[in-house]
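Asks: pasting a predicted model and its sequence here:
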Amino acid sequence: MAQPSTGVVPLLSGMLAAAALSGAAVLVVLDSGCDDPGSYHEHDGVVELIGGCLQPSDLPVAPRDPADSSAPGGADPSLAR
């Protein structure tokens, strides 16, 4: 009985792992519990997601712009030498 070459076993194990991970990903998506995946609509040059399972509270809050902390005299202290 012929022995498989050394390159076949890693190839087969990689393909088996990829198939298992792909199957797991499909199962997770199918079991996500989201009945309305939403759709993208464009209006006034802006693309907007309508519907979906994402709630505004699921999104991180964008940091606010820092207050104007310019140095006295208008000089930028990072440029001063």
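Replies: Cool, the structure landed. Numbering: from 1, shown residues only.
Asks: got phi/psi on the residue most central in space within the chain?
Replies: The chain has residue 59 as the residue nearest its centroid, 12.2 Å off, counting by C-alpha atoms, centre = their mean. Note on residue 59: backbone dihedrals following degrees, to the nearest 10 are phi -90, psi 140.
Asks: and if you look at the one 3 residues further on?
Replies: With angles defined as degrees, to the nearest 10, residue 62 shows backbone torsions of phi -70, psi 140.
Asks: next, count neighbours for it.
Replies: Look at residue 62: counted by other C-beta atoms under 10 Å, it has 6 neighbours. The C-beta positions use only the backbone N, C-alpha and C, and glycine is treated the same way.
Asks: what's the spacing between it and residue 10?
Replies: 45 Å (C-beta to C-beta, to the nearest Å).
Asks: before we move on, what about residue 33?
Replies: With C-beta to C-beta as the criterion, residue 33 and residue 10 are 37 Å apart.
Asks: ok, and what's touching the helix or strand where residue 41 lies?
Replies: Using DSSP states H and E, residue 41 sits in strand 39-43. By C-beta atoms under 8 Å, 6 or more residues apart in numbering, the list of residues contacting strand 39-43 from outside reads 47-51.
Asks: pLDDT below threshold where in this protein?
Replies: By pLDDT under 70, the weakly predicted segments of the chain are 1-5, 67-81.
Asks: most surrounded residue in the contacts of strand 39-43?
Replies: Compared across these, residue 51 has the highest neighbour count, 13 neighbours, by other C-beta under 10 Å.
Asks: that residue against residue 35, yeah?
Replies: No: checked against C-beta atoms under 8 Å, the pair residue 51 and residue 35 is beyond contact range at 9.7 Å.
Asks: so the nearest residue to residue 38 once chain neighbours are set aside versus residue 60, what's the distance?
Replies: Once flanking residues are discounted, residue 38 sits nearest to residue 52: 2.8 Å by C-beta to C-beta, 6 or more residues apart in numbering. Distance of residue 52 to residue 60, computed by C-beta to C-beta: 17 Å.
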